[in-house]
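In: sequence first, predicted model second:
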Amino acid sequence: MMISSSTHIVSGYDTELSSLTNDLTDLGTLVSEMVEDGMQAFKKRDSVKAQEVIDRDQKANALQFKVDEAVHRIIALRNPVAQDLRSIIGATRIASDLERVGDLSEGIARRAMIINEEKRIDMAKSVYRMGKQVRVQLAGALDTLLKGDAIAALHYWQADSDIDDLYDAIFRELVTVMMGDPRTIPACTELLFVAKNLERIGDHATNICEAVYFTIKATQLVSDPALDDRYRENEAR
């Protein structure tokens, strides 16, 4: 687990840390399912499933609030230090990123409901493929959180550039489609919003990797002098 599982003198402290870990894990699971279901609603033109994703956003908000409240309480009452402190601060950062992933998933679901009313466009397949890659990155980032794996966090942090490249390619292709047939502009515009939301979910997955790395290494991933270019390239393979 990312949050220290070592035994503390006060047993209630361990209970609070365990509860915080569980809430953070529940939030990660919830928003991952929202991303998955949002993309399924998009792929299968299922507006009922899209509405289910929208309805779950309030639960994600509530879990994020619960994590923040627990973090504030632990800091005020337990005076955490060293890795405990980094873990607890990391938890609130990650919860914020996960809540935003939930918001972006809700946005995808809302766009899907609009797209479902439009004629199918072949470019939708490219957007769905991008969604699959984003889900892999998010799942990987959450796995590094659960395992406390700094090397894996570095790997998934670097993978964000691939998602950015995919978004840029989809953007160019959709603009070309719209220029060729103005009748596609409404649907293509919605597809652009879906793709942009996916790109932003990838950014939040990257933020999670940075928080995990900081918790373990006590240094910011983006400025760690131990990570020279050769090391970064090797770990990305």
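Out: Everything's here; your move. Numbering: from 1, shown residues only.
In: leaving out the residues flanking it, which one is nearest to the most centrally placed residue in the chain?
Out: Centroid-nearest residue in the chain, with C-alpha atoms, centre = their mean: A205, separated by 3.9 Å. Leaving aside its sequence neighbours, A205 sits nearest to A141 (C-beta to C-beta, 6 or more residues apart in numbering; 4.1 Å). Any C-beta I mention is one placed from the backbone N, CA and C, and that applies to glycine too.
In: contact partners for the one you found?
Out: A141 sits next to A153, Y156, A205, T206, I208, C209, V212 when contact means C-beta atoms under 8 Å, 6 or more residues apart in numbering.
In: any chance of those in a markdown table, with secondary structure, pLDDT and distance to T176 too?
Out: Output for those, formatted as a markdown table (DSSP: H, G, I helix; E, B strand; the rest coil; pLDDT from 0 to 100; distance: C-beta to C-beta, whole Å):
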| residue | secondary structure | pLDDT | distance to T176 |
| --- | --- | --- | --- |
| A153 | helix | 95 | 37 |
| Y156 | helix | 94 | 31 |
| A205 | helix | 98 | 29 |
| T206 | helix | 96 | 28 |
| I208 | helix | 97 | 34 |
| C209 | helix | 96 | 33 |
| V212 | helix | 95 | 39 |
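In: closest to A82 out of those?
Out: V212 (16.3 Å; C-beta to C-beta).
In: which of the contacts of A141 tops the neighbour count?
Out: Each of the contacts of A141 was scored for neighbours by other C-beta atoms under 10 Å, and V212 scores highest at 31 neighbours.
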